[in-house]
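Colleague: Give me the fold of what follows.
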Amino acid sequence: MTREYKDLIVEHKDHIARITINRPKSYNAFTGDTLNELTLAIEDAGGDPTIGVVVLTGAGDKAFCAGGDVGWEAKGGKERTILEPYNLHVTISRCPKPVIARVNGYAIGGGNHLAYYCDFTIASENSTFGQNGPRVGSVPAGPLPSYLSKIIGHKRAREMWMLCRRYSAQQAMDMGLVNAVVPADQLDAEVDRWCEELLSASPTVLRVIKAAFVDEFEYLLGQGDSLRRHMVAPDFWSTEQKEGTSAFAEKRKPDFKRFLTRR
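Modeller: Model (predicted):
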């Protein structure tokens, strides 16, 4: 099926589906529309019998994805968009084809967990990884924090999610978040090598293996949304979340300490 996309560039060629977030002016940050388009594009690639591998990346050389668009979040987009991130990550997990994250530049916040939900992550040396939810008052959707513990362990996952530190591509590889790190001018060639290696394998066996990995954390799906519904007060969006997005836009440090007395 041929679709028209506003925020993506999608190409199916040589048994590879290349899906590019095309919002370089915003460091490929996403809105609800972007998330919906990504879900559809990955579903289409998974259902295309001629496709053996999916490559997900961002336009330009500055960012894979910088997470949620702050302007969109400031207008209440994140509050209204509970299911889109959850649906996207479930779609990546259940896609019957291997999915490679091609990371060149920033993979921050939603961009970071978009990458770690992919089956493989290939990064350029100039890439940076990390979360930013607590810094900007952005509540995670779905099992995003707990799933990371399956990849890098609980201590590292808590460090990454709660402290919002930044990690180089090499540091990310050392902790198991990335599969390979190469110079930027070798990134495409490296991704192509991984694609060809996967395309040389039995697609049925790869599909079964991926399903086996997904089955291990099936119980996590939906966990984060139930926590969010029960633990996030109705006024969170007009208080803490607003303070986070406003501080980011004003390039100042947010004052979250004043909300401690409300508990």
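Colleague: distance of the most centrally placed residue in the chain from I21?
Modeller: Most central in the chain under Cα atoms, centre = their mean is L114, positioned 1.3 Å from the mean C-alpha point. Distance of L114 to I21, computed by Cβ to Cβ, to the nearest Å: 9 Å. No exception for glycine: its C-beta is placed from N, CA and C like everyone else's.
Colleague: From the chain's centroid, how far away is stretch 5-18?
Modeller: 18 Å (Cα atoms, centre = their mean, to the nearest Å).
Colleague: Use 2 as the first number from now on
Modeller: Done: numbering now begins at 2, and the last item shifts to stretch 6-19.
Colleague: Check the average confidence over that stretch, would you?
Modeller: Averaged over stretch 6-19, pLDDT sits at 97.
Colleague: Mind listing what's buried along that stretch?
Modeller: 6, 8-9, 11, 13, 16-19 (16 or more other Cβ atoms under 10 Å).
Colleague: what sits against K156?
Modeller: For K156, no residue meets the contact criterion (Cβ atoms under 8 Å, 6 or more residues apart in numbering).
Colleague: tell me which element it falls in.
Modeller: helix 155-164 (DSSP states H and E).
Colleague: In PDB, list the C-alpha atoms belonging to that helix.
Modeller: C-alpha atoms of helix 155-164 as PDB (Å, rounded to 0.1, in the frame of the first residue of the first chain):
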ATOM      1  CA  HIS A 155      18.100  -2.200  36.600                       C
ATOM      2  CA  LYS A 156      20.900   0.000  38.000                       C
ATOM      3  CA  ARG A 157      21.800   1.500  34.700                       C
ATOM      4  CA  ALA A 158      18.200   1.900  33.600                       C
ATOM      5  CA  ARG A 159      17.300   3.800  36.800                       C
ATOM      6  CA  GLU A 160      20.300   6.000  36.300                       C
ATOM      7  CA  MET A 161      19.400   6.800  32.800                       C
ATOM      8  CA  TRP A 162      15.700   7.500  33.400                       C
ATOM      9  CA  MET A 163      15.900   9.300  36.800                       C
ATOM     10  CA  LEU A 164      19.100  11.300  36.400                       C
END
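Colleague: So, low pLDDT: which residues of the stretch 2-151 of the chain?
Modeller: 2-3, 73-87, 142-143 (pLDDT under 70).
Colleague: quick one, helices of it?
Modeller: Under the criterion DSSP state H, counting those that start in this stretch, the stretch 2-151 of the chain contains helices at 33-48, 71-75, 78-81, 84-95, 111-118, 134-137, 145-153.
Colleague: for the ones you listed, which one ends up most surrounded?
Modeller: Comparing the helices of the stretch 2-151 of the chain by mean neighbour count (mean count of other Cβ atoms under 10 Å), helix 111-118 comes out on top with a mean of 27.
Colleague: name the helices or strands packed onto that helix?
Modeller: Where contact means 3 or more Cβ pairs under 8 Å, 6 or more residues apart in numbering; DSSP states H and E, helix 111-118 is packed against strand 64-66, helix 84-95, strand 100-104, strand 129-131, helix 145-153.
Colleague: Rebuild those as JSON lines, extending it with distance to V55.
Modeller: Formatted as JSON lines, those follow (distance: least, Cβ to Cβ, whole Å):
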{"stretch": "strand 64-66", "distance to V55": "15"}
{"stretch": "helix 84-95", "distance to V55": "9"}
{"stretch": "strand 100-104", "distance to V55": "4"}
{"stretch": "strand 129-131", "distance to V55": "20"}
{"stretch": "helix 145-153", "distance to V55": "19"}
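Colleague: which stretch among the ones you listed comes nearest S27?
Modeller: Comparing the helices and strands packed on helix 111-118 against S27 with Cβ to Cβ, the closest turns out to be strand 64-66 (8.7 Å).
Colleague: The helices and strands packed on helix 111-118: which one's closest to T32?
Modeller: Closest of the helices and strands packed on helix 111-118 to T32 is helix 84-95, at 9.3 Å (criterion: Cβ to Cβ).
Colleague: Name the residues of the helix holding K156 that come out as buried.
Modeller: 157-158, 160-162.
Colleague: how distant is it from the center of its chain?
Modeller: Using Cα atoms, centre = their mean, the offset of helix 155-164 from its chain centre is 16 Å.
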